[in-house]
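Q: Below are the sequence and a predicted model; questions follow.
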Amino acid sequence: MKAYGIHMGPAKCAVDLGDGSERGEYVNQDYILHTLGRPHRAINLMYCYYPLDEGWPARASTLPTKDEVSYQWDYAYDDYFPYGGGLEGDTLGEPFTCMRDVRRHGQDVILTLTLDCGVSDEQLEKIAEDLRPFGRMQLRINHEATGSWFAFSKRYSYQQVADFYVRFHQIIKKIAPNVQTILCIGGAHTLPDGKMKYEDEFAEAIRVADIWSADAYLSLHWGWPYDIAEPGGNSHKRDPNGKIIRELNAEFARFMERGEHRKRPLLLSETNADGDVNGPYEQAEQVKDFYGRIPEELPDLTGITMYQFRDRGRLGLEIEDPNNHHAGIAQPLLETYKEIIKQPYFSPVIHKSGEAQLPMRLRWGGSEDADGLAIPIEFESDPVFCEIVFDGMLKDLSFMVEINGKWFYKKPAVTTIDLMSAFFDKPLRQATVLDVLLFATPSEGVNDPAHGDDWDINHYTQIDALPAFRIRYKPTIGGPS
């Protein structure tokens, strides 16, 4: 077999996915990959860090409270999963188990972290040390920072929240420069004077941030789970897509104005239509229309995050089964979303170069910068069996594999991956040559300092052989029974 070098670069607009929050549990990446058929650019994980609070590190909703809870954010602190690292913890539990899972599956990490602005520099420095081995990840610090619902917004002024962002950003740049910080203060709510809310207070944060971001829901039931969205209620809303797009463009212009016209990546860090408001059919229709407008109407957008994969309410591609949180109930939006993320505009760009010579060193710099292999395979017709086999030293490595538009993951110690599901929806109608794409991801989910001076950016894998294939065009025993 021959093989050719390939490079994977960024999509025009990357698609990211939220996985777990105050509204749902984390779903493992194997299940998500099988369900959606392709990896995302990044997976957004949502955690909080309030180590100065009594009761920490328990989850806020599990703590006793004297006051009646009638709103999702009425707890002592934000009801995200507690960040288990820092000075008070280690990197053995959450979110690090999830972060490793994400990176093994060929995706980058977005860590959304809400924090008490009173924590010390020493505590923030330890978080930066925790994150450094996870490559080109993104850190969204105290998102929706111009809102009023998170604990940090209730305890500190907007100027103090903005100053904290700058302080944490500077610590990250000193200790973990591979981590990019996201400033999330947009949300389709510009003021009558054309400014974003509190943009004066956040002027320095806008200037130093690596990435600018907004959260914008096409519809939302923010009273969940304490009331029901019914006509005439005041705990839900729905906006026309055109209005949201106009306001997002106005906010992006404000970011540029306050950011000294030095362009940064622009993200929509949370978006969806809420099935509590739209119902399942119009939810899918509104999301499809919104994503469809992005190429022409939001051309500066570099990434968009679907919130979220599985939700206890109706803000997910699946609804969590109330009888079993390990099970999901697919919504019409899921099939719509699968079609959206197949579009070239939202897909990474892969370029093929010259013939590869073994042994060869593969490089994983992240989901938008990786060097792998393309192995052309001649198919006589639609196969009945199609397997890829990893023998020898390949067995102990971690790979992402793509064929016929579908992606697969191979973890260490696994030798054989059945590729037949790539043909169930796209059978071959004639003899065809298909490229099998192969990328080596970090087997442990983290980068290794032994890989050189650029270890926190790049993970390298040496291979001395190609995988084998078992392809057959007839059943082992066929014919009438």
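A: The structure has been received and is ready for your questions. What you see is a predicted model; the values in this text were computed from it and never measured.
Q: Show the contacting residues for the closest residue to residue 366 other than its chain neighbours.
A: Leaving aside its chain neighbours, residue 366 sits nearest to residue 136 (4.1 Å; criterion: C-beta to C-beta, 6 or more residues apart in numbering). From N, CA and C alone the C-beta is placed, and that goes for glycine too. Residue 136 makes contacts with 108, 178-180, 365-366, 368-369, 457, as judged by C-beta atoms under 8 Å, 6 or more residues apart in numbering.
Q: and if you look at residue 284?
A: With C-beta under 8 Å, 6+ apart, residue 284 has these contacts: 331-333, 335-336.
Q: so it, which of the three states?
A: Under DSSP: H, G, I helix; E, B strand; the rest coil, residue 284 falls in the helix class.
Q: I'd like the distance between it and residue 425.
A: Counting by C-beta to C-beta, to the nearest Å, the gap from residue 284 to residue 425 is 19 Å.
Q: And residue 353, by the same measure?
A: Separation of residue 353 from residue 425 (C-beta to C-beta): 30 Å.
Q: ok, now which ones touch the closest residue to residue 302 other than its chain neighbours?
A: Counting by C-beta to C-beta, 6+ apart, residue 302 lies nearest to residue 265, which is 4.3 Å off, once chain neighbours are set aside. Shown in contact with residue 265 (C-beta under 8 Å, 6+ apart): 210-212, 302-303.
Q: With respect to residue 173, which of those residues is nearest?
A: residue 210 (8.8 Å; C-beta to C-beta).
Q: which one of the contacts of residue 136 is nearest residue 280?
A: residue 108 (30.3 Å).
Q: Low-confidence bits of the protein, can you list those?
A: 188-190, 480-481 (pLDDT under 70).
Q: can you pull out the helices in it?
A: Here the chain has its helices, by DSSP state H, at 29-36, 96-104, 121-131, 151-155, 158-175, 203-208, 241-258, 275-297, 332-340, 421-424.
Q: what helices or strands is the first one leaning on?
A: Helices and strands touching helix 29-36, as assessed by 3 or more C-beta pairs under 8 Å, 6 or more residues apart in numbering; DSSP states H and E, comprise helix 96-104, helix 332-340, strand 406-410.
Q: Can I get that helix in CSV, CA atoms only?
A: What follows is helix 29-36, C-alpha atoms only, in CSV (Å, rounded to 0.1, in the frame of the first residue of the first chain):
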residue,chain,number,x,y,z
GLN,A,29,-17.1,10.9,23.3
ASP,A,30,-17.4,7.4,21.9
TYR,A,31,-21.2,7.6,22.1
ILE,A,32,-21.2,11.1,20.6
LEU,A,33,-18.9,10.2,17.8
HIS,A,34,-21.0,7.1,16.9
THR,A,35,-24.1,9.2,17.0
LEU,A,36,-23.0,12.2,15.0
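Q: Next, the angle helix 332-340 makes with that helix.
A: Interaxial angle, helix 29-36 versus helix 332-340 (axes from the mean of the first three to the mean of the last three C-alpha atoms, to 10 degrees): 80 degrees.
Q: got the angle for helix 29-36 vs helix 96-104?
A: Put simply, helix 29-36 runs at 50 degrees to helix 96-104, going by the same axes, to 10 degrees.
Q: still on that earlier bit, PyMOL command for the buried members of the contacts of residue 284?
A: Applying 16 or more other C-beta atoms under 10 Å to these leaves a buried subset, and the PyMOL line that selects it is:
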select buried, resi 331+332+333+336
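Q: So which of the contacts of residue 284 is the closest to residue 174?
A: Closest to residue 174, out of all of the contacts of residue 284 and judged by C-beta to C-beta, is residue 333, at 41.7 Å.
Q: Could you verify my assumption that the closest one touches residue 319?
A: No: using C-beta atoms under 8 Å, residue 333 makes no contact with residue 319, being 10.2 Å away.
Q: between those two, what contacts are shared?
A: In contact with both residue 333 and residue 319: residue 275, using C-beta under 8 Å, 6+ apart.
Q: How about residue 237: what's its closest non-neighbour residue?
A: residue 220 (6.1 Å).
Q: tell me, how many neighbours does the one you found end up with?
A: 23 (other C-beta atoms under 10 Å).
Q: what's it in contact with, if anything?
A: Residues near residue 220 by C-beta under 8 Å, 6+ apart: 236-237, 274, 277, 315.
Q: Now the buried members of these.
A: Buried among the contacts of residue 220 (16+ other C-beta under 10 Å): 236, 274, 277, 315.
Q: Which of those sits closest to residue 112?
A: residue 315 (15.1 Å).
Q: so that closest one makes contact with residue 307?
A: Yes: Residue 315 lies in contact with residue 307 (C-beta under 8 Å); the separation is 6.1 Å.
Q: Show me whatever sits in contact with both of those two.
A: Shared contacts of residue 315 and residue 307 (C-beta under 8 Å, 6+ apart): residue 272.
Q: what ranges do the strands span in the stretch 351-481 of the chain?
A: Using DSSP state E, counting those that start in this stretch, the strands of the stretch 351-481 of the chain run over residues 360-364, 370-379, 385-389, 399-403, 406-410, 416-418, 432-440, 459-463, 468-472.
Q: how about stretch 34-44: buried residues?
A: Taking 16+ other C-beta under 10 Å as the criterion, stretch 34-44 shows 35-44 as buried.
Q: Make CSV from these and add distance to residue 407 to it.
A: Formatted as CSV, the buried residues of stretch 34-44 follow (distance: C-beta to C-beta, whole Å):
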residue, distance to residue 407
35, 12
36, 9
37, 7
38, 5
39, 6
40, 10
41, 13
42, 15
43, 14
44, 19
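Q: Find the pair from those with maximum spatial separation.
A: Distance extremes for the buried residues of stretch 34-44: the farthest pair is 37 and 44 at 19.4 Å, using C-beta to C-beta.
Q: buried set for stretch 170-180?
A: For stretch 170-180, a neighbour-count test (16+ other C-beta under 10 Å) marks 171-172, 175-176, 178-180 as buried.
Q: Mind listing residues that contact it?
A: 121, 124-125, 128-129, 131-132, 134-139, 181, 208, 210-211, 456-457.
Q: what sits against the closest residue to residue 325 other than its chain neighbours?
A: In this structure, residue 325 finds its nearest non-sequential neighbour in residue 25, 5.3 Å apart by C-beta to C-beta, 6+ apart. Taking C-beta under 8 Å, 6+ apart, we find residue 25 in contact with 310, 320, 325.
Q: Among those residues, which are located in strands?
A: The strands, defined by DSSP state E, take in 310, 320, 325 from the contacts of residue 25.
Q: any idea which of those residues is the one closest to residue 477?
A: Using C-beta to C-beta, those come closest to residue 477 at residue 310, 40.6 Å.
Q: Can you name the residues that contact that closest one?
A: 19, 24-25, 27, 316-320, 328.
Q: again, only this time at 10 Å
A: By C-beta atoms under 10 Å, 6 or more residues apart in numbering, the contact list for residue 310 reads 18-20, 23-27, 31-32, 35, 316-321, 325-330.
Q: out of these, which are buried?
A: Buried, going by 16+ other C-beta under 10 Å: 18-20, 23-24, 26-27, 32, 35, 316-320, 328, out of the contacts of residue 310.
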